[in-house]
Structure formats: C-alpha cells, structure tokens
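S.K.: coordinates only, sequence not included:
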C-alpha cells in the first residue's frame, strides 16, 4: 500500500464523498444518472417527491437533482419546500418541457442553482452537480 493510501486508511478510509440526492420516477434515468455521478459523489435516489422528503430528514445533502413532472407531486414544489428547510443545499431541476414564464417563476421560487433540459448530456450533468456542490460549500461557509 502506498503511503498516501495507508494514511487515508489510518484516518478512517477514503475521503468522504459529497452527498447528492436524485429524484425521478423513471428508474432507467435514475440508474443512468447514478452510474455517471457515483464515482464522484455518494448517491441516494428517490422515485417520488414524498420519498425524497423522507430521505431529506435522514441525511444531509449538498445537491438535489429533481425531475419536474412526477406522479404524486411535481419536482418544483418539492424543490421549493427543500429550499425552505435546507437553504444551503443546491437545487437542480430536470425538465423535458416548460414554458419560459413558468421556468423563470420556478427558478425564482426554488432559488434553483440550474435547470437541465432533457435529454441531459451526462458531461453537463456531472459539471453542474460538481459546480453545485462547490456553491453549497461557499453558501454554508458564508452563514
């Protein structure tokens, strides 16, 4: 074992990955997003806004990426609630279609870090989540 690795092991293992929550009712999309992000982040997933609300009570996340249209509650309403309870957590909305005026209102109400239009390029997803995690750290340090 190299000296750096043995130091990390002695200190309790590898450096802790930033926590990211993915919320989407499409299991295939959750799987693709999880596979792309898991080498960099610790990923949790939820198939509904209600399930995501429950998970948020159990664990701290730096970033949440939520689909807009889901059965049983839309992602935007979920992100507005998440903003109120976890103001430093960065919020990213994924949407297939939204009218510009709705999008602007949504960005303001949920204080979105970014929105991504489907189909989402994996490279863009990774970059946005990395930038959002950095923005979380800046926001939390400024409090």
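M.R.: Great, that's in hand. All figures in this text were calculated on a predicted structure; none of them were measured in a lab. Numbering: from 1, shown residues only.

S.K.: Report the contact partners of the residue nearest to residue 77 when sequence neighbours are not counted.
M.R.: Of all residues not flanking residue 77 in the chain, residue 49 sits nearest, at 6.9 Å (C-beta to C-beta, 6 or more residues apart in numbering). Using the backbone N, CA and C atoms, a C-beta is placed for each residue, glycine as well. Contact partners of residue 49, counting by C-beta atoms under 8 Å, 6 or more residues apart in numbering, are 23, 66, 70, 72, 73, 74, 75, 77, 78.

S.K.: Could I get the average pLDDT for the helix or strand encompassing residue 50?
M.R.: Using DSSP states H and E, residue 50 sits in helix 49-58. Averaging pLDDT along helix 49-58 gives 96.

S.K.: Mean pLDDT per helix and strand in this structure: which one sits at the bottom?
M.R.: helix 3-10 (a mean of 40; mean pLDDT, DSSP states H and E).

S.K.: Quick one: the strands in this structure, in order.
M.R.: 19-23, 42-46, 63-67, 90-95, 114-117 (DSSP state E).

S.K.: Please identify the deepest-packed of those.
M.R.: Neighbour counts (mean count of other C-beta atoms under 10 Å) averaged over each of these peak at strand 63-67, with a mean of 27.

S.K.: just to revisit the earlier point, Serialize the strands of the chain to JSON lines and add fields for mean pLDDT and distance to residue 54.
M.R.: Formatted as JSON lines, the strands of the chain follow (pLDDT from 0 to 100; distance: least, C-beta to C-beta, whole Å):
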{"stretch": "strand 19-23", "mean pLDDT": "98", "distance to residue 54": "11"}
{"stretch": "strand 42-46", "mean pLDDT": "98", "distance to residue 54": "8"}
{"stretch": "strand 63-67", "mean pLDDT": "97", "distance to residue 54": "13"}
{"stretch": "strand 90-95", "mean pLDDT": "95", "distance to residue 54": "17"}
{"stretch": "strand 114-117", "mean pLDDT": "92", "distance to residue 54": "24"}
